[in-house]
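Undergrad: Sequence and predicted structure, then a few things I'm wondering about:
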Amino acid sequence: MPAADHTVGATYRVLARKYRPTTFTQLIGQDAMVRTLTNAFASGRVAQAFMLTGVRGVGKTTTARIIARALNCVGADGQGAPTATPCGVCDNCVSIAEDRHVDVMELDAASRAGGVNEVRELVDGVRYRPVSARYKVYIIDEVHMMTPQGFNALLKTLEEPPSHVKFIFATTDIRKVPVTILSRCQRFDLRRIDAETLTTLYTDVAKAEGIEIAPAALALIARAADGSARDGLSLLDQAIARAEGPVTETDVRDMLGLADRTQLFDLYDLLMHGDAKGALDLMGTLYTAGADPAVIVQDLLELTHWLTRIKLVPQAAEAPGVPEAERVRGGAMAGKLTTAQLARIWQMLLKGLTEVQTAPMPLQAAEMVLIRLTHAADLPTPADLVRQIQSVGGAANADRPPTSGGAVERTSTTTAVASPPQPSRPEPGDRPRAFAAGGTTALAQTETVEAAPNLDSFAAVVALLAERREAILQAHLKNNVHLVRFEPGRIEIRPDEHAPRTLANRLGALLSEWTGRRWVVAISSEPGEATLAQQEAAADRRERAEVTAHPLVQAVMANFPGATIEAIRDLAAAIDTPTDGEPEA
């Protein structure tokens with residue numbers, strides 16, 4: 001029996017390393033950065049420090065190595081200058097590509113160069129010129145992991161480095177990097193790579209490897225990569241190793257734990273028709289086939305977003321990358337669902353996804369989410385429910401016979417006031433009822449009608465607030481508001497600095513509710529009248545002046561030195577009147 005060969009795994013290079021870009025032209029999805037760096041090298045305006053930020057797998061470290069090669073490339077003849085197109089054959093290019101160049105140092109801030117002592121060692125080495133390269137390049141990955149003391153120790157050197165030193169920083173969390181560091185660097189934000197570009201990349205890699213893989217499988221890998229070229233290449237590597245022969249869409253779905261797209265549309269259709277049993281049976285089938293419950297809910301969320309998008313922008317369904325099945329079935333579903341329904345489904349799925357991800361039993365949690373969706377499928381929206389209640393109330397009022405005994409006739413300016421129902425003992429077998437069979441409520445059957453207040457002045461509005469026990473709002477209107485203009489249905493006021501900002505909205509809402517008509521309360525910059533409190537104070541002063549000038553009062557004040565006027569009352573109003581309405585004897 002021949003000995004096992006243990007060298008295969010050791011010599012194999014994963015696709016993410018084998019197909020790593022070595023020049024700016026090979027970078028995908030970062031056109032703005034490539035154009036800027038290419039122009040910088042062409043004009044000789046290369047910055048002293050670079051800050052590369054973006055999600056994992058978009059090319060931050062790869063870009064840093066390409067910059068290091070471009071700075072130190074000497075060409076095949078050994079006489080070349082810094083260039084945006086490194087030759088790849090000179091000693092510097094080869095050494096940097098193999099990560100063994102003595103003048104290009106790659107550091108990890110999470111394990112090295114994070115503290116002040118490591119930064120001091122780095123700064124001490126900056127003073128020495130490079131051994132064999134043109135520039136000494138420091139590449140610090142995950143720079144946001146450095147300590148505040150480490151950042152501070154680097155500031156001076158980063159601001160005025162020697163001419164032979166370049167710094168390149170990479171980070172996935174730019175918010176943790178101090179602004180003092182950012183201001184000394186040329187910053188590049190590497191974008192997520194779109195799925196179409198990733199699909200093209202993975203197709204080229206599969207051809208170079210001689211692997212037969214279905215286009216639908218490549219599209220699934222590109223979607224699962226979530227904008228990361230490295231993540232997608234790792235998934236492609238795994239799919240090639242998993243499949244025995246050509247890689248099919250089913251192989252990739254099983255590997256990723258995804259539900260079949262056609263079955264996903266079937267599941268969504270069952271949910272929208274309220275078929276709980278069918279939805280649970282299909283969920284069980286997908287789970288048995290290897291689909292992750294959380295991934296199924298995520299796919300339902302993605303489908304909801306897709307349906308909402310093509311409902312609002314139908315042209316999105318005609319994009320070249322959209323499969324025919326999604327275009328046809330998605331368009332049919334979007335036409336049957338309203339935007340309000342899709343928004344409600346999105347909120348329920350979003351909340352349900354959190355439950356599934358945190359539940360000890362994800363399958364059961366996902367099934368409960370589906371059950372809620374089936375029961376909510378045929379429920380009316382809040383707006384429809386309000387309209388139904390209003391129509392029920394209108395029908396009940398129209399069928400009610402006219403009242404007698406001085407009741408006010410209902411008009412557009414009256415408000416119906418519901419009186420509380422009288423408690424009664426329920427009979428055996430009675431069921432609690434929210435709505436009667438005819439659609440009228442028990443509350444509506446005991447409804448009485450009361451005349452709306454007649455508001456013909458601002459003072460009447462303030463008096464109404466006092467009557468309705470809105471003491472705080474009434475006090476603000478009396479003491480902190482200047483009336484500019486008043487007419488029934490519209491009030492213009494100028495509040496002072498002590499009035500709350502919500503005063504106008506609150507007043508308009510209350511008046512509209514109490515009167516049954518729309519009231520607009522506007523804020524004006526005109527000076528307006530004095531406040532009601534100021535007007536009352538002025539009227540009191542005038543009345544006191546008139547009373548003080550009366551001869552009888554002057555005589556009293558002369559005969560009683562030190563006396564003061566405490567209150568002024570009308571003589572007729574001061575006469576006692578019997579409370580029972582009988583004339584005084």
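TA: Sure thing, it's come through.

Undergrad: in the stretch 151-300 of the chain, which ranges drop under the pLDDT threshold?
TA: 258-260 (pLDDT under 70).

Undergrad: Strands of that one, residue ranges please.
TA: Using DSSP state E, counting those that start in this stretch, the strands of the stretch 151-300 of the chain run over 165-171, 186-189.

Undergrad: Contacts for the first one, please.
TA: Contacts of strand 165-171 with the rest of the structure, by Cβ atoms under 8 Å, 6 or more residues apart in numbering, involve 46, 48-53, 60-61, 64, 67-68, 71, 126, 135-144, 158, 161, 177, 181, 185. Glycine gets a C-beta too; all of them are placed from N, C-alpha and C.

Undergrad: Please apply the same query to stretch 363-370.
TA: 267, 271, 276, 279-280, 283, 287, 293-294, 296-297, 348-349, 352, 355-356, 359.

Undergrad: Just the buried ones from the contacts of strand 165-171?
TA: Buried residues within these, counting neighbours by 16 or more other Cβ atoms under 10 Å: 46, 48-53, 60-61, 64, 67-68, 71, 126, 135-144, 158, 161, 177, 181, 185.

Undergrad: Quick one: residues contacting residue 296.
TA: 259, 264, 267, 283, 286, 287, 366.

Undergrad: separation between the closest residue to the second one other than its chain neighbours and residue 356?
TA: Ranked by Cβ to Cβ, 6 or more residues apart in numbering and with sequence neighbours excluded, the top spatial neighbour of residue 264 is residue 299, at 5.4 Å. Taking Cβ to Cβ, to the nearest Å as the criterion, residue 299 is separated from residue 356 by 12 Å.

Undergrad: do the same with residue 274
TA: For residue 274, the distance to residue 356 - Cβ to Cβ - is 21 Å.

Undergrad: Between these two, point out the one with more neighbours.
TA: residue 356 (24 against 15; other Cβ atoms under 10 Å).

Undergrad: SS state for that one?
TA: Secondary structure, DSSP: H, G, I helix; E, B strand; the rest coil: residue 356 is helix.

Undergrad: Map the structural domains onto the sequence of this protein.
TA: Listed by automatic domain parsing, the domain ranges of the chain are 15-189, 257-381, 458-529, 534-573.

Undergrad: If I average pLDDT within each of those domains, which one is lowest?
TA: The minimum mean pLDDT among these belongs to domain 534-573 (a mean of 81).

Undergrad: Off-centre distance for that domain?
TA: 66 Å (Cα atoms, centre = their mean, to the nearest Å).

Undergrad: contacts for stretch 205-220?
TA: Contacts for stretch 205-220 (Cβ under 8 Å, 6+ apart): 15, 19, 195, 199, 202-203, 233, 236, 239-240, 245-249, 251-253, 256, 258, 321, 323.

Undergrad: Just the buried ones out of these, please.
TA: 15, 19, 195, 199, 202, 233, 236, 239-240, 247-249, 251-253, 256, 258.

Undergrad: which residues touch residue 74?
TA: 80, 90, 91, 92, 134.

Undergrad: same check, this time on residue 379
TA: Taking Cβ under 8 Å, 6+ apart as the definition, residue 379 has no contacts.

Undergrad: Figure out how far the helix or strand residue 465 falls within is from the centre of its chain.
TA: Following DSSP states H and E, one finds residue 465 within helix 458-467. In terms of Cα atoms, centre = their mean, the centre of helix 458-467 is set 42 Å apart from its chain centre.

Undergrad: Just the C-alphas of it, formatted as PDB.
TA: The C-alpha trace of helix 458-467 is given here as PDB (Å, rounded to 0.1, in the frame of the first residue of the first chain):
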ATOM      1  CA  PHE A 458     -59.200  84.800  21.600                       C
ATOM      2  CA  ALA A 459     -60.500  85.300  25.100                       C
ATOM      3  CA  ALA A 460     -63.200  82.700  24.400                       C
ATOM      4  CA  VAL A 461     -60.500  80.200  23.400                       C
ATOM      5  CA  VAL A 462     -58.600  80.800  26.600                       C
ATOM      6  CA  ALA A 463     -61.900  80.400  28.600                       C
ATOM      7  CA  LEU A 464     -62.600  77.200  26.800                       C
ATOM      8  CA  LEU A 465     -59.200  75.800  27.800                       C
ATOM      9  CA  ALA A 466     -59.900  76.700  31.400                       C
ATOM     10  CA  GLU A 467     -63.300  75.000  31.200                       C
END
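
Undergrad: Can you pull out the residues in contact with the helix or strand following that helix?
TA: Note on helix 458-467: by DSSP H and E, the next helix or strand toward the C-terminus is helix 471-479. The contact list for helix 471-479 (Cβ under 8 Å, 6+ apart) reads 458, 461-462, 465-466, 495, 498-500, 503, 506-507, 510, 531-533.

Undergrad: Try it again at 6 Å.
TA: The contact list for helix 471-479 (Cβ atoms under 6 Å, 6 or more residues apart in numbering) reads 462, 465, 466, 499, 503, 531, 532, 533.

Undergrad: Just among those, which is most surrounded?
TA: residue 465 (22 neighbours).

Undergrad: Grab the nearest non-local neighbour of that one.
TA: residue 474 (3.8 Å).

Undergrad: Then residue 456?
TA: Closest to residue 456 by Cβ to Cβ, 6+ apart is residue 488, at 6.7 Å.

Undergrad: Please report the distance of the one you found from residue 469.
TA: Distance from residue 488 to residue 469, by Cβ to Cβ: 23 Å.

Undergrad: swap in residue 293?
TA: 53 Å.

Undergrad: more crowded one of these two?
TA: Legend: neighbour count by other Cβ under 10 Å for residue 293 and residue 469, higher for residue 293 (25 against 8).

Undergrad: in what helix or strand does the nearest residue to that one once chain neighbours are set aside lie?
TA: Take residue 293 and drop its neighbours on the chain: the residue closest to it by Cβ to Cβ, 6+ apart is residue 366, 3.7 Å away. Element membership for residue 366, per DSSP H and E: helix 362-376.

Undergrad: Same check on residue 537?
TA: Assessed by DSSP H and E, residue 537 sits inside helix 532-548.

Undergrad: Run the angle between that helix and helix 458-467 for me.
TA: Orientation note: helix 532-548 sits at an angle of 110 degrees relative to helix 458-467 (axes from the mean of the first three to the mean of the last three Cα atoms, to 10 degrees).

Undergrad: Buried residues, helix 532-548. List them.
TA: Buried, per 16+ other Cβ under 10 Å, within helix 532-548: residue 532.

Undergrad: which residues are contacting it?
TA: Residues outside helix 532-548 that contact it (Cβ under 6 Å, 6+ apart) are 478, 479, 553, 568.

Undergrad: same deal with stretch 116-136?
TA: 71-72, 92, 102-103, 112-113, 149-150, 153-154, 157, 164-166.

Undergrad: Figure out how far the helix holding residue 366 is from the centre of its chain.
TA: The mean C-alpha position of helix 362-376 is separated from the chain mean by 24 Å, Cα atoms, centre = their mean.

Undergrad: Next: stretch 346-353.
TA: Taking mean C-alpha positions (Cα atoms, centre = their mean), stretch 346-353 and its chain are 14 Å apart.

Undergrad: And for stretch 162-173?
TA: Using Cα atoms, centre = their mean, the offset of stretch 162-173 from its chain centre is 34 Å.

Undergrad: Identify each buried residue in it, please.
TA: Quick answer for stretch 162-173 (16+ other Cβ under 10 Å): 164, 165, 166, 167, 168, 169, 170, 171, 172.
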